[in-house]
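# mind looking at a prediction? Sequence and model below.
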Amino acid sequence: MLSLLASASVLAAGPSLAAPELPVLPPIRREAQITYVDRTGAVIGVRGGRFAPPVDLAKLPTHVPAAFVAIEDRRFWEHTGFDPRGIARAIVVAAGEGRATQGASTITQQLARHLYLNQDRTLERKATEVLYAVQLERTYSKRQILGMYLSRVYFGSGAYGLEAAAQRYFNKPAAKLTIAESAMLAGVLKSPVNYHPVEQAEASWSRAKLVMDIMVETGAITPAQRSQAAAKKPTVWQTAPNAPAQYFIDWLDGETRRLVGNPKQDLVIETTLDAQLERAAASAARRVVGASAPSAQAAVVSVDGAGRVRAMVGGLDYAKAPYNRAAVAKRQAGSAWKPFVYLTALEAGWTPEMPVVDEPVTIGAWSPQNYDEGFLGPITLERAVASSVNTVAARTADLVGRPAIAQTARRLGVASTVNTDPAMALGTSLVTPLEMTQAYAVFANGGHRVQAYGIERIRTPAGKLLYQRSPPTWTPVTANPALSNLNRMLRAVIATGTGQRAAIPGYDLAGKTGTTSDYKDAWFCGYTGGFATCAWIGRDDNAPMGRITGGGAPAELWKGVMTTAVKRLPMQPIPAGRAPPPPEPQVLQASGPEPSETLEEPEADAETPPIR
């Protein structure tokens, strides 16, 4: 049983004894990784293989690798792959107990185990580990070995490798780790469970200070540096800072695979996401839902005027519920659907000042009810929109034609099936928050069709460009005066109507509340110049939430998201939209029997790109 360990002892004895034949190293296998970055280049997630490429030590501060060497293998730079004294001790103990119980593994041995072996505590495995370690030392430089090691060790919370750990716990690249942060990560390796920086915070910090003590002993840092680093415990993220972005990455996965297939090399996907806005949206969702409907879920989507998805929150906690409610869940839109009704009417010649009557109405066997009891009587169309009067919306849809409204919705970007029964005017069709935001973005950009997307470029880590999204094509789908009139009415929703809790002073905002029957779904969808956001709150089991309306929690959630957005992205007033098309040319009637030629239609002006 001890034959392999005996071979290791021969290696430990030095060159005076004949060294055993070393095994041939198996090939090092690593699956390709796809790294997703946000619009600023910050990493938001990784898909594909578990392990990153070897860490480039030249790009790290010297204290980062020094922390790992100090606590894991302080003689790393001198030994030939193993510690002879540790091996001898392990042989003695193993012989007495009949099994391997002590580690004494160098960094090189640990790398050999990660690359080629398993975690079994057997004498044969331990000896093979030593032989592989010696062969690794003969094949690779010390810096290469340490770089491979740092890319494969496990730090807990699903973080394999130094870069993933730095992002998970400190939301920064490994190249920016401080002495204290490096020491904390190095201390985790002994036991990711017992020294977890979040779950065992005190034990983790105590071990980090031990690591720094050893770094002083080995000369990696000075006592003064140690005192300064230990004076303040590093701030550790309780949850992964890029966790909310995983919904967005899941949404992109199908498109990524369509574009690159099964990649054979590492790739970088440059996306449209704004990671800071994403985190702000996720934080606002947890705060608002926790205060108003603790059993509910939430979804948020933000899209700019060109279709770039800037934020996508598919739920409150990706780790517990990865189902993407923003892109996949179809729910009734309630009164957030009404802009499609009124745009159809405005395009048919209606105006905000047009008098309408809020009174009982019956269409077939259906009699819609308003949220508030009673009826307002004669009002303007603008007042009906601002107050979200159901009777007026239902009658308007009946007059302009529900099939025409369905066509309007599809023209604006709603891809789901739209029903045309009388209740469709109040938003009974099932749609996703992504579809609704995509449609509202048309109002935000001056009337051009939007196709929401998330991938800008695909490249290799070295910078070779493999895919570049083509510039958007601006397709007008609505024009003035209908669009400007709709904007006017939806501004009134926030200024004086049901959406007043969404107001942000100093910004040109418009939007619409939405609440479905029995309070199963609550929405607020709105926009400013070149930017649209929809917020949805509801239960996954489709049960009522209590009296949660679109003008309450969803409006507050929307405001929380947009308050961050207007500070991070260039915001402008809502554009007026394009001019109406020229009138149809008239045919001049000649006095004789032959008709005159038709006047030529003037050439339309070139389209002005919408606000981006």
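Sure, I can see it. Numbers count the residues shown, from 1 in each chain.
# quick one, what contacts the closest residue to Trp523 other than its chain neighbours?
With Cβ to Cβ, 6 or more residues apart in numbering as the criterion, Trp523 has its nearest non-adjacent residue at 3.4 Å, and that residue is Gly514. No exception for glycine: its C-beta is placed from N, CA and C like everyone else's. The neighbourhood of Gly514, defined by Cβ atoms under 8 Å, 6 or more residues apart in numbering, consists of 333-337, 427, 521-525, 550, 554.
# list just the nearest of the residues you listed to Glu217.
Distance to Glu217 across the contacts of Gly514 (Cβ to Cβ) is lowest for Pro554, with 57.9 Å.
# stretch 407-416: how far from the chain's middle?
Centroid displacement of stretch 407-416 relative to its chain, using Cα atoms, centre = their mean, to the nearest Å, is 25 Å.
# that one: end-to-end distance?
12 Å (Cα to Cα, to the nearest Å).
# list of residues touching it?
330, 337, 340, 343-344, 347, 418, 429-432, 435-436, 438-439, 441-442, 449-452, 477-478.
# can you give me the helices in the stretch 451-600 of the chain?
Remark: helices assigned in the stretch 451-600 of the chain by DSSP state H, counting those that start in this stretch are 482-495, 553-568.
# tilt between the first one and helix 553-568?
Between the axis of helix 482-495 and that of helix 553-568 there is an angle of 110 degrees, by axes from the mean of the first three to the mean of the last three Cα atoms, to 10 degrees.
# mind listing what's buried along helix 482-495?
482-494 (16 or more other Cβ atoms under 10 Å).
# go on, the last one?
When neighbours are counted by 16+ other Cβ under 10 Å, the buried residues of helix 553-568 are found to be 553-562, 564-566.
# then stretch 38-56?
Taking 16+ other Cβ under 10 Å as the neighbour-count basis, stretch 38-56 is seen to contain the buried residues 38-39, 42-49, 51-55.
# among those residues, which lie within strands?
The subset of those located in strands under the criterion DSSP state E comprises Val43, Ile44, Gly45, Val46, Arg47, Gly48.
# does Arg325 touch Val301 like I think?
No - distance between Arg325 and Val301: 10.0 Å, which falls outside the contact criterion (Cβ atoms under 8 Å).
# looking at those two, which has the bigger crowd around it?
Neighbour tally, Arg325 and Val301, criterion other Cβ atoms under 10 Å: the higher count belongs to Val301, 34 against 26.
# any idea of the pLDDT on Ala590?
Reported pLDDT at Ala590 in the predicted model: 36.
# kindly report the same for the one 3 residues further on.
In this prediction, Pro593 carries a pLDDT score of 37.
# just the one 4 residues further on next, same as before
Glu597 carries a pLDDT score of 32 in this model.
# could you do the one 10 residues further on as well?
In the predicted model, Glu607 carries a pLDDT score of 38.
# around the nearest residue to Leu430 once chain neighbours are set aside, how many other residues sit close by?
Once flanking residues are discounted, Leu430 sits nearest to Lys330: 3.8 Å by Cβ to Cβ, 6+ apart. Using other Cβ under 10 Å, Lys330 has 14 neighbouring residues.
# how about the one 10 residues further on?
Other residues near Phe340 come to 29 when the count uses other Cβ under 10 Å.
# circling back to that earlier point, closest to Ala240 among the contacts of Gly514?
Relative to Ala240, the closest of these is Pro554; by Cβ to Cβ it sits at 26.2 Å.
# please name the nearest non-neighbouring residue to the closest one.
In space, not counting the residues next to it along the chain, Pro554 is nearest to Phe524; the distance is 3.9 Å by Cβ to Cβ, 6+ apart.
# shouldn't that neighbour be in contact with Gly552?
No - taking contact to mean Cβ under 8 Å, the distance of 9.0 Å between Phe524 and Gly552 leaves them out of contact.
# if you count surrounding residues, which of the two has more?
The residue with the greater number of neighbours, taking Phe524 and Gly552 and applying other Cβ under 10 Å, is Phe524; the counts read 34 against 20.
# mind checking how far the more buried one is from Glu21?
When distances are taken as Cβ to Cβ, to the nearest Å, Phe524 and Glu21 turn out to be 73 Å apart.
# that older thread, who touches the residue nearest to Leu430 in this structure?
Contact partners of Lys330, counting by Cβ under 8 Å, 6+ apart, are Ser416, Leu430, Val431, Thr432.
# do you know the pLDDT at it?
Residue-level confidence at Lys330 comes out at 98, pLDDT.
# repeat for Thr222
Listed pLDDT for Thr222 reads 97.
# do a quick rundown of the strands in this protein.
With DSSP E applied, the chain shows strands at 33-37, 43-48, 267-271, 297-304, 309-313, 331-332, 355-358, 377-380, 430-431, 455-459, 465-468, 510-515, 521-528, 531-538, listed in chain order.
# between the ones you listed, which gets nearest to Asn194?
Ranking those by their distance to Asn194 (criterion: Cβ to Cβ) puts strand 43-48 first, at 26.0 Å.
# and the contacts of the closest one?
Residues from elsewhere that reach strand 43-48, judged by Cβ under 8 Å, 6+ apart: 31-38, 52, 164, 167, 173, 242, 245-246, 248-249, 253, 256, 263, 271, 273, 275, 278.
# I'd like the average pLDDT over that strand.
Confidence over strand 43-48 (mean pLDDT, whole number) is 94.
# identify the residues contacting the residue most central in space within the chain.
Here the mean C-alpha position of the chain is nearest to the C-alpha of Ala245 (Cα atoms, centre = their mean), at a distance of 1.8 Å. Neighbouring residues of Ala245 by Cβ under 8 Å, 6+ apart: Tyr36, Asp38, Ile44, Gly45, Leu273, Ala275, Glu278.
# and the residue lying closest to Met571 once chain neighbours are set aside, what is it in contact with?
For Met571, the nearest residue in space outside its immediate sequence neighbours is Thr528; the separation is 5.5 Å by Cβ to Cβ, 6+ apart. Applying Cβ under 8 Å, 6+ apart, we find Thr528 in contact with Ala444, Tyr507, Asp508, Leu509, Ala510, Met562, Val566, Met571, Gln572, Pro573, Ile574.
# now Thr528, which residues is it bridged with?
Beta-bridge pairing for Thr528 (DSSP bridges): Phe531.
# pLDDT value on it, please?
In this model, Thr528 carries a pLDDT of 97.
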